[in-house]
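K.L.:
Fold the following.
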Amino acid sequence: MCRSQEFADDGEGSEVSVKRLAQRLSRLEELMERLAEHPALANPTTVMEPKSGIAATTLQPDFIERSSDQPYAASLEPLISNQTPTGQGLLSTSPPHYASNALYGLFPSQADVSTIVEASAGPSYLTALFYCQADIFEGRPAPPSSFSSIPEYNSHPICLAKWLLQLAICMQQLSPHFDVAKLSKPEPIGKTMIRIVNHVEDHVTSVDQYAVTSLGLECLLLMGYWHSHAGNLRKSWLIFRRALSVCQLLGIDHQKPVSLFTTQPRLVSKSAAAPDPEMLRYRAISNDRHLSLLLGIGMAQLDNDFASKAATNRNTDSEKLEKLHAMIAARIIQRNDMTLAEAYTYTREASLDMRAGAAILGEGWWEQPVLDPNAALKDLFPLVSRLLLQSNHHLLLLFLHTPYMLNQTVDQGGYSRLVCIESSRAVLTRFNAWRRVNHSAYSCRHIDYAALLTAMTLLISYSVRHESNDIQPSIMQEDKQLVLMVKERMCNVISLSNDAPLKESSVIIEQLLGIMEAGSPEALDMGAEIHPSIDLHIPHFGTVTISRPATISKSASQDGKTSLEDTLESSSARSFIADSDKDDEDAERTSRNPSAQIHFQPGPQDFPPDLTPLTQATEWPLQGVDATYWSLFERSLENSDNQSL
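P.N.:
Got it, this is the predicted structure:
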């Protein structure tokens with residue numbers, strides 16, 4: 001029977017009530033003891049949730065403006081005053097102090113952290129991720145020395161996670177020659193990094209209540225960059241895609257006021273201004289597009305508001321070029337869904353935009369920077385940034401023109417082929433310069449993939465005859481030496497780190513070098529016939545076979561027309577052979593240097609048992625980048641059978 005609380009229970013009911021009250025008092029005492037043992041819960045000064053009843057939309061515009069140009073502490077004043085903790089924390093399954101304890105225990109000693117940060121180029125890299133050059137010039141970011149600090153043990157898990165991820169990226173930027181004996185706990189750097197990243201993912205970035213905050217967004221971006229440099233492109237793609245979703249949930253969108261972002265928990269720091277939320281969103285969009293292009297996956301967002309006049313009025317010319325690259329990556333992804341002939345005009349327009357963007361910086365800027373091998377990497381950061389931006393520009397040109405490199409029906413003047421060759425040389429020379437001063441397999445991973453793709457392109461350009469393919473032997477020898485130097489640089493890094501992606505890249509380059517050697521003048525002058533053939537097995541794609549018909553000696557070249565006819569008759573419906581010209585001069589040249597045949601044998605599209613969509617680089621070295629590259633040639637073949645301009 002239910003009784004009103006205004007009536008006192010008597011008898012047995014009263015005794016039960018007294019027992020319940022005693023139990024509650026006992027639990028309260030236990031709770032107070034736990035609070036006393038864990039100051040993080042008793043006095044949560046690091047992160048506070050907004051007081052109930054204060055909606056994000058009630059913030060005044062002057063507060064929103066102030067939050068974008070004042071230090072973290074100033075932007076927190078309206079949120080910290082008169083607030084009390086909710087008692088539940090941000091994590092619904094366990095109190096924040098459990099995660100804080102687990103994360104804080106991952107920090108090395110203060111002396112070790114200082115040693116790592118001091119030896120790394122990471123601080124400059126981390127600053128450039130979240131701040132434009134104008135912000136850096138104005139002194140808005142935290143000073144480099146701040147990356148050596150360790151947060152208090154009672155800091156919120158999100159704060160600890162950000163500091164740990166920054167430390168992990170600094171570790172990535174260390175030279176493989178870094179002496180771990182300098183550390184109080186001489187553990188391999190790679191092992192330390194992986195442990196940090198795994199714990200941060202378990203306790204913070206995989207927890208929605210933590211991730212969907214302004215500081216959680218920064219953690220997601222840092223985590224995405226770490227995996228990208230580690231070669232885990234698919235994992236990185238997924239993280240950046242999640243970061244884009246967080247941007248939408250926080251209201252970081254050009255169509256909405258940035259309100260939810262400013263009310264989220266922030267790290268209290270008197271020495272730094274909060275990153276511009278639009279900068280964080282741009283980083284998420286840019287990485288999503290570049291990774292989507294490499295992996296052959298559709299992109300998330302189509303708008304380019306980050307490149308508007310208002311959004312670029314404080315950007316340097318190089319920053320504007322970087323934003324143009326994000327736009328071009330999106331256009332290439334869209335182009336790849338068109339038929340080859342339909343997309344040709346679209347490709348030429350994008351190429352002209354790339355040329356116009358390059359002209360803004362002037363010819364002098366495009367000269368390859370000279371990197372002093374004796375200088376510290378952190379001192380080379382401005383030059384390295386320029387070199388990598390140049391490489392990315394040429395890689396995008398390669399993606400633009402590769403589908404037309406072998407197709408004379410569309411690329412009648414050989415323009416696309418020449419662009420691919422010149423861009424390949426530009427990337428490879430910069431790769432050699434970069435890997436001369438930096439031997440860390442984890443540093444700037446995208447230039448390693450760029451080196452593989454451009455080396456493949458340069459070698460394939462020699463295996464297929466083109467009407468403009470009358471290259472002097474000296475130039476061919478220079479290109480061969482360039483590729484051999486790339487392979488040597490890769491092997492140097494492999495010897496230090498046993499890096500799986502570079503090992504796979506080196507093997508592919510070695511195979512393709514055989515095709516180039518078969519078409520060399522020395523081989524042509526030999527009396528014997530040479531039948532080089534390569535089978536490349538591409539996971540989640542199939543098999544690519546590149547074969548050159550018999551190389552004919554000079555004495556036998558007079559009978560070359562018959563051999564060429566046999567070659568054309570033997571080509572299958574799924575192989576591409578460059579069209580032969582009708583004049584006698586080209587026919588003779590073709591007979592001595594006949595076109596290679598590229599065959600595609602589709603494989604099962606399902607992932608094999610030993611691979612999953614998120615298999616890391618140690619087990620799936622190229623992550624599907626090679627499949628994306630060869631699919632461009634496959635589309636060229638399929639469209640050349642049915643399309644013409």
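
K.L.:
Was I right to think Leu215 contacts Leu160?
P.N.:
No - using CB atoms under 8 Å, Leu215 makes no contact with Leu160, being 10.6 Å away. Glycine gets a C-beta too; all of them are placed from N, C-alpha and C.

K.L.:
Which one of those two is surrounded by more residues?
P.N.:
The neighbour count for Leu215 versus Leu160, taken as other CB atoms under 10 Å, is higher for Leu160 (32 against 22).

K.L.:
Packing partners of the one helix or strand the more buried one maps to?
P.N.:
If you go by DSSP states H and E, Leu160 is part of helix 157-172. Counting contacts by 3 or more CB pairs under 8 Å, 6 or more residues apart in numbering; DSSP states H and E, helix 157-172 packs against helix 96-104, helix 110-119, helix 122-130, helix 189-200, helix 208-211, helix 214-230.

K.L.:
Give me the average confidence score over the third one.
P.N.:
Spelled out, it's helix 122-130. For helix 122-130, the mean pLDDT works out to 96.

K.L.:
Following that helix in sequence, what is the next regular element?
P.N.:
Downstream of helix 122-130, the first helix or strand assigned by DSSP H and E is helix 133-137.

K.L.:
what do you get for the longest one?
P.N.:
Once helix 214-230 ends, the next helix or strand along the chain (criterion: DSSP H and E) is helix 233-249.

K.L.:
Give the buried residues for that following helix.
P.N.:
Burial within helix 233-249, assessed by neighbour count using 16 or more other CB atoms under 10 Å, is assigned to 233-244, 246-247, 249.

K.L.:
what comes into contact with stretch 347-362?
P.N.:
317-318, 320-321, 324, 328, 331-332, 335, 366, 393, 396-397, 400-401, 403-404, 416, 419 (CB atoms under 8 Å, 6 or more residues apart in numbering).

K.L.:
CA atoms of that stretch as PDB?
P.N.:
Below are the C-alpha coordinates for stretch 347-362, written out as PDB (Å, rounded to 0.1, in the frame of the first residue of the first chain):
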ATOM      1  CA  THR A 347      40.700  17.300 -67.000                       C
ATOM      2  CA  ARG A 348      42.300  20.000 -69.200                       C
ATOM      3  CA  GLU A 349      40.400  22.800 -67.300                       C
ATOM      4  CA  ALA A 350      41.600  21.400 -64.000                       C
ATOM      5  CA  SER A 351      45.100  21.300 -65.400                       C
ATOM      6  CA  LEU A 352      44.900  24.900 -66.400                       C
ATOM      7  CA  ASP A 353      43.700  25.900 -63.000                       C
ATOM      8  CA  MET A 354      46.700  24.100 -61.500                       C
ATOM      9  CA  ARG A 355      49.000  26.000 -63.900                       C
ATOM     10  CA  ALA A 356      47.400  29.300 -62.900                       C
ATOM     11  CA  GLY A 357      47.700  28.400 -59.200                       C
ATOM     12  CA  ALA A 358      51.400  27.600 -59.600                       C
ATOM     13  CA  ALA A 359      52.000  30.900 -61.400                       C
ATOM     14  CA  ILE A 360      50.900  32.900 -58.400                       C
ATOM     15  CA  LEU A 361      54.000  31.900 -56.500                       C
ATOM     16  CA  GLY A 362      56.400  32.700 -59.300                       C
END
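
K.L.:
Flag every buried residue along it.
P.N.:
With burial defined by 16+ other CB under 10 Å, the residues of stretch 347-362 counted as buried are 347, 350-351, 354, 357-358, 361.

K.L.:
would you turn those residues into CSV with distance to Leu383?
P.N.:
CSV is the format used below for the buried residues of stretch 347-362 (distance: CB to CB, whole Å):
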residue, distance to Leu383
Thr347, 32
Ala350, 28
Ser351, 27
Met354, 22
Gly357, 21
Ala358, 18
Leu361, 15
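
K.L.:
The residues you listed in helices, which ones?
P.N.:
347, 350-351, 354, 357-358 (DSSP state H).

K.L.:
May I ask which two of the residues you listed are separated the most?
P.N.:
Distance extremes for those: the farthest pair is Thr347 and Ala358 at 16.5 Å, using CB to CB.

K.L.:
The residue lying closest to Ala375 once chain neighbours are set aside and Gln173: what is the separation?
P.N.:
Nearest non-adjacent residue to Ala375, counting by CB to CB, 6 or more residues apart in numbering: Val437, 7.5 Å away. Val437 is 12 Å from Gln173, where distance means CB to CB, to the nearest Å.

K.L.:
who has more neighbours, those two?
P.N.:
Taking other CB under 10 Å, Val437 and Gln173 do not tie; Gln173 has more neighbours (26 against 17).

K.L.:
In this structure the more buried one contacts Ser120, no?
P.N.:
Yes - here Gln173 reaches Ser120: they are 4.5 Å apart, a contact under CB under 8 Å.

K.L.:
got any residues that touch both of those two?
P.N.:
Counting by CB under 8 Å, 6+ apart, the residues touching both Gln173 and Ser120 are Leu377.

K.L.:
of all the buried residues of helix 233-249, which comes closest to Leu377?
P.N.:
Looking across those and measuring by CB to CB, the closest to Leu377 is Ser236, at 22.3 Å.

K.L.:
Could I get the contacting residues of the closest one?
P.N.:
Contacts for Ser236 (CB under 8 Å, 6+ apart) come out as 224-225, 227-228, 287, 291.

K.L.:
which one among those gets closest to Ser308?
P.N.:
Using CB to CB, Asn287 comes nearest to Ser308 of the contacts of Ser236, at 19.6 Å.

K.L.:
What's the mean pLDDT across stretch 216-230?
P.N.:
98.

K.L.:
Only C-alpha atoms, please: export that stretch in CSV.
P.N.:
Taking Å, rounded to 0.1, in the frame of the first residue of the first chain, the C-alpha atoms of stretch 216-230 are listed here in CSV:
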residue,chain,number,x,y,z
GLY,A,216,37.9,15.9,-29.0
LEU,A,217,37.9,17.1,-32.6
GLU,A,218,41.5,18.2,-32.3
CYS,A,219,42.3,14.7,-30.9
LEU,A,220,40.6,13.1,-33.9
LEU,A,221,42.7,15.1,-36.3
LEU,A,222,45.9,14.3,-34.5
MET,A,223,45.0,10.7,-34.5
GLY,A,224,44.2,10.8,-38.2
TYR,A,225,47.6,12.4,-39.0
TRP,A,226,49.4,9.8,-36.9
HIS,A,227,47.9,6.9,-38.7
SER,A,228,48.4,8.5,-42.1
HIS,A,229,52.1,8.9,-41.4
ALA,A,230,52.3,5.3,-40.1
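
K.L.:
What pLDDT does the model give the spatially closest residue to Gly231 that is not a sequence neighbour?
P.N.:
Spatial nearest neighbour of Gly231, excluding adjacent residues (CB to CB, 6+ apart): Ala617 at 3.2 Å. Note for Ala617: predicted pLDDT of 93.
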